[in-house]
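Student: attaching a predicted model along with its sequence, questions to come.
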Amino acid sequence: MKDINLDSAQPHCPPDCPFLSPRSFLPDTLPFYCDKYEIYLTSTDNLPDRCDQCRGISRTVQEKGLQFIKTICPNNNRLLGAFQSLKKTEQKMFVDLMEKTGFLKLLPTNPEATADLMLDHILLAYQNHEEKIGSPEFKKFSADLNKIADDTPTLLSRQNKTLLMNLFQVMDNSEKSMMNSILQSPGRLKSFLKQFDHQPKDMDLLKDTRRILYEENDKLMRDKIQEQEKIKTQDKTKDLHRQLNINQMKRLKEQQRQH
């Protein structure tokens, strides 16, 4: 990816920005993400807003939070007022979560929302997020991906690693089990990552990734069956050789007794 030079006064990401990634494939999530600064973006009139790092500006936490609310719930003055009533630490929790997760349901849908109700939603979302990323299965998956990315960066880019971590969190338990199994199989892992890299990163990415996952898992199961059959054949051959050796020894002993 090449860096691009933008006028700091330009508020929106250019449509051809190489760092602009859609996240429409994730349920209940903001649609725009910046791969360079690893942050979910707000939008104005359906155009993604450049983040502070990109524009070289510094906004307050409250200004960032208000823009997120305007993006998710346009013209909802009640929510804007409720957010402004929160403590600074609570506002920061909201902004940090939005930037990290882009999760739309951080905000209550009740049009009569109060600051207390908004805080309840934020705290619940924070707890759920911490449980997800703090779970043993996610920590192991994350560690495995980091090792793959470090060992073979040409096979797993930083952007694809982040995408897979996002997708892993919305998969069901059987799909997570398949994914972990594929990570432990070098051949299937290489095939999976190559296909994943070539998939369009659009609103069908979750569906397409599931398709690849199931295909590679089927191949992995066939590989295991073939390996088991190979082992069985090898065991039968060993048993046959063992029996032949036993029979040969019996004949030699019989011959020795006769002499």
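Tutor: Happy to help now that I have it.
Student: go through stretch 218-231 and flag the buried ones.
Tutor: Using 16 or more other CB atoms under 10 Å as the test for burial, stretch 218-231 gives 219-220. Any C-beta I mention is one placed from the backbone N, CA and C, and that applies to glycine too.
Student: what lies in contact with that stretch?
Tutor: Stretch 218-231 has contacts (CB atoms under 8 Å, 6 or more residues apart in numbering) with 181-182, 185, 187-188, 191.
Student: most neighbours, which of the residues you listed?
Tutor: Ile182 (22 neighbours; other CB atoms under 10 Å).
Student: surely it meets Leu193?
Tutor: No - proximity of Ile182 to Leu193 does not meet the contact threshold set by CB atoms under 8 Å, at 9.2 Å.
Student: where does the protein dip in pLDDT?
Tutor: Along the chain, segments meeting pLDDT under 70 span 1-5, 111, 230-241, 243-256, 258-259.
Student: how about the helices in it?
Tutor: Per DSSP state H, the chain carries helices over the ranges 52-55, 61-72, 77-84, 88-101, 115-134, 136-151, 158-170, 173-183, 186-198, 205-258.
Student: can I get these in JSON lines with distance to Ser8?
Tutor: Putting the helices of the chain into JSON lines (distance: least, CB to CB, whole Å) gives the following:
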{"stretch": "helix 52-55", "distance to Ser8": "5"}
{"stretch": "helix 61-72", "distance to Ser8": "16"}
{"stretch": "helix 77-84", "distance to Ser8": "26"}
{"stretch": "helix 88-101", "distance to Ser8": "20"}
{"stretch": "helix 115-134", "distance to Ser8": "31"}
{"stretch": "helix 136-151", "distance to Ser8": "32"}
{"stretch": "helix 158-170", "distance to Ser8": "25"}
{"stretch": "helix 173-183", "distance to Ser8": "41"}
{"stretch": "helix 186-198", "distance to Ser8": "33"}
{"stretch": "helix 205-258", "distance to Ser8": "32"}
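Student: tell me which of those helices sits nearest to Leu26.
Tutor: With CB to CB as the criterion, Leu26 lies closest to helix 158-170 of those, at 6.0 Å.
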